[in-house]
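1. give me coordinates for this.
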Amino acid sequence: MSMDERENISFRQIRALMALRESDGDDPDKNWRGFVFRRRCSSFFRAAVRVAPLLLAVVLAAGIFYLPPRTSALEGDSLPYLTTSAPAGHMAACVLPDGTEVKLNANSKLTYPALFGDERKVYLEGEAFFDVTSDKSCPFIVSTDKLEVKALGTKFNISDYKNDNFVVSLLEGSVFLYQDGMEETGLYLNPNEQLVESEGGYVKKMFVQDPAMWVNGFYSFNNNTMEYILSKLELYYDVRIVVLNGPLLNKTYTGKFRQTDGAREILRIMSRIYPFTVREDESSNTIYIQ
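-> Numbers count the residues shown, from 1 in each chain. Below is the predicted model of the structure:
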């Protein structure tokens, strides 16, 4: 653009502003403030349009595996309760009113009050990892269908899926476990110990592999049956797996996989140990093994 053209445009802009200030029948100051407001809005929206694609890319990249928690409010007797859930095939994370950080594994739900009172009590279905904020005057309690888990400030993992054994694994600090209303018969766990449901009772033992490896993007299996592993893959990846060769279900397997591998790739790797074929029917979201 030449110098003459730029001067001509500037002259027309000045004339337009002068006309705005001097228009008959209107408040000049009001017109002027409206013009400035529109200019600022226009600049804001132009900037938003430029930035929006970048923000969208960042959000999509961050949401590859973790989803924003599904949160809903439940009215209690005096205080509203919130529920954060992770659907099958995904995980979620949330921060509780006291600063405690919770990560939920697939197909899990956590219910907790909007504010804590004399105790910090939450309700878990499924699996979650807790990094509890320390408060010796206000115990933190996770209530499940099987046991109550009380902690003051610690890190632990609870797995309480339906049709699966209940497991509590302690990574740091100390937790106290007991049945609701029977606190006098409870027991403590020390770091690297876990309580596992077994044959109608509970067994306390040491663990070697990190039970919360899923938090860091891995799924691990340690001498587990194929039947158990397939049930976990169905849960983690929201897929149906059908075994056409029954004896495969009794085979055992030990291994670690990246969550991003997906169910089909994990099965392909496992087939190197126990040969079988994998066929996927995308229309019914079903994987067949034979």
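
2. doesn't Val132 make contact with Lys155?
-> Yes: shown here, Lys155 and Val132 form a contact pair, counting by CB atoms under 8 Å, at 7.2 Å. Yep, even glycine has a C-beta here, placed from its N, CA and C like the rest.

3. which residues are common contacts for those two?
-> Counting by CB atoms under 8 Å, 6 or more residues apart in numbering, the contacts common to Lys155 and Val132 are Gly173.

4. neighbour count: those two, which is higher?
-> More neighbours sit around Val132 than around the other of Lys155 and Val132, counting by other CB atoms under 10 Å; the figures are 24 against 18.

5. surely the more buried one touches Thr100?
-> Yes: counting by CB under 8 Å, Val132 sits close enough to Thr100 to count as a contact (4.9 Å).

6. give me the common contacts of those two.
-> Common contacts of Val132 and Thr100, defined by CB under 8 Å, 6+ apart, comprise Phe140.

7. skip the chain neighbours and tell me the closest residue to Ile273.
-> Leaving out its chain neighbours, the residue that sits closest to Ile273 by CB to CB, 6 or more residues apart in numbering is Tyr253, at 6.5 Å.

8. surely the one you found touches Phe221?
-> Yes: here Tyr253 reaches Phe221: they are 5.8 Å apart, a contact under CB under 8 Å.

9. show me the helices in the stretch 101-250 of the chain, by range?
-> In the stretch 101-250 of the chain, the segments counted as helices under DSSP state H, counting those that start in this stretch are 226-237.

10. show me where it has strands.
-> Along the stretch 101-250 of the chain, the stretches classed as strands by DSSP state E, counting those that start in this stretch are 101-104, 108-113, 120-131, 140-143, 148-151, 155-160, 167-172, 175-179, 182-189, 193-198, 201-206, 218-225, 240-243.

11. what pairs with the first one, and is each one parallel or antiparallel?
-> The strands that strand 101-104 pairs with in its sheet are strand 91-95 (antiparallel), strand 120-131 (antiparallel) (by DSSP bridges).

12. the strands of the stretch 101-250 of the chain into JSON lines, with extra columns for mean pLDDT?
-> As requested, those are arranged in JSON lines below (pLDDT from 0 to 100):
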{"stretch": "strand 101-104", "mean pLDDT": "97"}
{"stretch": "strand 108-113", "mean pLDDT": "96"}
{"stretch": "strand 120-131", "mean pLDDT": "97"}
{"stretch": "strand 140-143", "mean pLDDT": "96"}
{"stretch": "strand 148-151", "mean pLDDT": "96"}
{"stretch": "strand 155-160", "mean pLDDT": "96"}
{"stretch": "strand 167-172", "mean pLDDT": "96"}
{"stretch": "strand 175-179", "mean pLDDT": "95"}
{"stretch": "strand 182-189", "mean pLDDT": "91"}
{"stretch": "strand 193-198", "mean pLDDT": "93"}
{"stretch": "strand 201-206", "mean pLDDT": "93"}
{"stretch": "strand 218-225", "mean pLDDT": "90"}
{"stretch": "strand 240-243", "mean pLDDT": "94"}
